[in-house]
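Enquirer: After the sequence you'll find the predicted model.
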Amino acid sequence: MLFHQHKTMKMLLALFLLLAFSNAFDIIRKGRQGSERLCEYKPNLDPRPHSVSILEFGAVGDGKTLNTIAFQNAVFYVKSFADKGGAQLYVPPGKWLTGSFNLTNHLTLFLASGATILGSQDSSHWEIVEPLPSYGRGLELPGGRYRSLINGYKLHDVVITGDNGAIDGQGSVWWDWFNSHSLNYSRPHLVEFLDSNDIVISNLTFLNAPSYSIHPVYCSYVSIQNISIHAPPESPKTTGIVPDSSNKVCIENSNISTGYDAIALKSGWDEYGIAYGQPTTSIQIRHLYLHSSFGAAIAFGSEMSGGISDVIVEHLHLHDSFSGIEFRTAKGRGGYIKQILISDIELQNIHTAFRATGESGSHPDDNFDPNALPILDQITVQDVIGTNITLAGSFNGIQESPFTSICLSNISLSIDSGASSNSWVCSNVLGFSEFVFPEPCAALRSSFSNSSLYCFSLLNSYGWSAVL
């Protein structure tokens, strides 16, 4: 009897250990499926079982006829196929002028080669909508904002793709209105998805956005690949892709050139972003050519009050930009920017290679909490080569909340011969460095041999540290 009890206990113990190890391996698998694996997953782009053409709804591709109703009616019709595998809305060659319209679930919007969707330059064709709750008001002006040209709200399984067709916002009128302070509401974007998941945007060209080109906000599982984005240098505050309070986003194999930031990660504004509490996390950005005329090739913030974390940026070419990689925040933001890994970067003709500032941006209103101090921690930058750089780095933290664990390794920057002899500017910052030229400021010179507990890397991210 005792033998059988002992044998039973051993079997239970073995089962317990097996379950424990299975759980540990599950944690590891989940860890390996963090942002460093996001782009390895290739979304299903198989043809939908049904297809309709925008021509079937009376659209005219002459660049003059307004086709808003045609697009709206086509999307309404496609809804009937949602439980039948979805449908494709085909846009043939031509110039298809339209105002704002919404998409629907299980839809592929396909732009043929030679097809261009044109945004109307009449502001009355762009509906006014409520501000995002994590911002509390329009980003540029108090109150509402113009609805984006192409919209998705609480959608699932949507693809915007084509044979290198184009979406052109014809943003010059919006830029003029912005510069002359003639607008009553914040400018629209080209494409915006709100509270949606399983979104694919690929094989298209985005031109002349009034403000942002692509804005996924409160979204999950977003794949943006093989696209081109262009807005001219004189276009004010135009930004390419803005993942905003979103998670599991892959951006890859694309070319972006804008007036301001090429890519900007955000997560809400001051007390509104803090209250909404949805971070931007698990992001992978790789294999891009980026150009920013007056902003940063890649920016974090400054609206980051919901937090930004677990971001992998790798294999980028940044060129002819004011700033290469920039971290922005301010007192009153709260939130955090942490666990960021940036590697294998080539910089060419950049004024400031790396910048972090605690004095960036304005506030939505007077109700922000000045004691809501942001955290900037565990930022790793490695394997970087730069040519024709004016300033290697500018790191200016907040006295009450210094920027910590800034980790720099294997960085070689060729400084412009006409630049100041002081290649680094630092205050309220602490970090580590190894094999960095020119030599960083004293606050960033702690030895890497003491850094393993503080510096962010793939080895101590995404659940690995919990099980290794």
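Expert: Yep, it's here. Residues are numbered from 1 along each chain as shown.

Enquirer: ok, how many other residues are close to W96?
Expert: Look at W96: counted by other CB atoms under 10 Å, it has 25 neighbours. Glycine gets a C-beta too; all of them are placed from N, C-alpha and C.

Enquirer: can you give me how far the one helix or strand it maps to is from the chain middle?
Expert: W96 is part of strand 94-98, with elements assigned from DSSP states H and E. Put simply, strand 94-98 sits 28 Å off its chain's centre (CA atoms, centre = their mean, to the nearest Å).

Enquirer: Return the set of buried residues in stretch 354-361.
Expert: Using 16 or more other CB atoms under 10 Å as the test for burial, stretch 354-361 gives F354, R355, A356, T357, G358, S360, G361.

Enquirer: returning to that earlier point: partners of the strand holding W96, with directions?
Expert: Partner strands for strand 94-98, per DSSP bridges, with pairing direction: strand 62-66 (parallel), strand 115-119 (parallel).

Enquirer: and it, average pLDDT?
Expert: Mean pLDDT, strand 94-98: 98.

Enquirer: Which element is encountered next along the chain beyond that strand?
Expert: Strand 94-98 is succeeded, C-terminally, by strand 101-102 (DSSP H and E).

Enquirer: Now do the following helix or strand past that following strand: everything it contacts.
Expert: Remark: after strand 101-102, the chain's next helix or strand is strand 107-111, criterion DSSP H and E. Residues outside strand 107-111 that contact it (CB atoms under 8 Å, 6 or more residues apart in numbering): 47-48, 75, 78, 86-91, 103, 117, 150, 157-163, 165-167, 204.

Enquirer: Which members of those residues are positioned in helices?
Expert: Taking DSSP state H, the ones among the contacts of strand 107-111 that sit in helices are V75, V78.

Enquirer: Which ChimeraX command selects the buried ones in the contacts of strand 107-111?
Expert: To isolate the buried ones among these in ChimeraX, judged by 16+ other CB under 10 Å, type:
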select :48,75,78,86,87,88,89,90,91,103,117,150,157,158,159,160,161,162,165,166,167,204
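
Enquirer: could you dump the strands paired with strand 94-98 to JSON lines with mean pLDDT and distance to L190?
Expert: JSON lines is the format used below for the strands paired with strand 94-98 (pLDDT from 0 to 100; distance: least, CB to CB, whole Å):
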{"stretch": "strand 62-66", "mean pLDDT": "98", "distance to L190": "17"}
{"stretch": "strand 115-119", "mean pLDDT": "98", "distance to L190": "7"}
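
Enquirer: F456: which of those is closest?
Expert: strand 115-119 (40.0 Å; CB to CB).

Enquirer: now the angle between strand 107-111 and the closest one, please.
Expert: 100 degrees (axes from the mean of the first three to the mean of the last three CA atoms, to 10 degrees).

Enquirer: Pull strand 115-119 out as PDB, backbone CA atoms only.
Expert: Below are the C-alpha coordinates for strand 115-119, written out as PDB (Å, rounded to 0.1, in the frame of the first residue of the first chain):
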ATOM      1  CA  ALA A 115      -4.700  53.600 -60.200                       C
ATOM      2  CA  THR A 116      -4.600  56.700 -57.900                       C
ATOM      3  CA  ILE A 117      -7.100  57.600 -55.200                       C
ATOM      4  CA  LEU A 118      -7.100  61.400 -55.000                       C
ATOM      5  CA  GLY A 119      -8.100  63.200 -51.800                       C
END
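
Enquirer: Contact partners for H125?
Expert: When contacts are counted by CB under 8 Å, 6+ apart, H125 touches L66, T68, T98, G99, S100.

Enquirer: The third one pairs with what?
Expert: To tie it back to what came earlier, the one meant is T98. The partner residues for T98, given DSSP bridges, come to G119.

Enquirer: before we move on, what about L109?
Expert: Beta-bridge partners, per DSSP bridges, of L109: L89, I160.

Enquirer: Counting neighbours, what do you get for it?
Expert: By the criterion of other CB under 10 Å, L109 has 26 neighbours.

Enquirer: ditto for N410
Expert: 16.

Enquirer: looking at the strands paired with strand 94-98, which is buried most?
Expert: Per-stretch averages of neighbours, counted by mean count of other CB atoms under 10 Å, single out strand 115-119 among the strands paired with strand 94-98, with a mean of 24.

Enquirer: Export the strands paired with strand 94-98 as TSV, with columns for distance to S211.
Expert: Shown next, in TSV, are the strands paired with strand 94-98 (distance: least, CB to CB, whole Å):
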stretch	distance to S211
strand 62-66	22
strand 115-119	11
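
Enquirer: closest to C39 out of those strands?
Expert: Nearest to C39 among the strands paired with strand 94-98 is strand 115-119; the distance by CB to CB comes to 26.7 Å.

Enquirer: State the next helix or strand along the chain beyond that closest one.
Expert: strand 128-129.

Enquirer: Who does that next one pair with, and is each partner parallel or antiparallel?
Expert: Applying DSSP bridges, one finds strand 128-129 paired with strand 145-146 (antiparallel).

Enquirer: Compute the mean per-residue pLDDT across the strand it pairs with, please.
Expert: Rounded mean pLDDT across strand 145-146 is 98.

Enquirer: for stretch 185-200, same thing?
Expert: 98.

Enquirer: Alpha carbons of that stretch, as CSV, please.
Expert: The C-alpha coordinates for stretch 185-200 follow below in CSV (Å, rounded to 0.1, in the frame of the first residue of the first chain):
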residue,chain,number,x,y,z
TYR,A,185,-9.9,71.8,-36.9
SER,A,186,-6.8,69.5,-36.9
ARG,A,187,-5.7,68.2,-40.3
PRO,A,188,-6.7,64.7,-41.6
HIS,A,189,-4.5,61.8,-42.4
LEU,A,190,-4.5,59.6,-45.5
VAL,A,191,-5.2,56.2,-43.8
GLU,A,192,-6.3,55.7,-40.2
PHE,A,193,-7.4,52.6,-38.4
LEU,A,194,-9.0,52.9,-35.0
ASP,A,195,-9.4,50.1,-32.5
SER,A,196,-8.8,47.5,-35.2
ASN,A,197,-6.7,44.3,-35.6
ASP,A,198,-5.2,42.1,-38.4
ILE,A,199,-4.5,45.0,-40.7
VAL,A,200,-2.2,44.8,-43.8
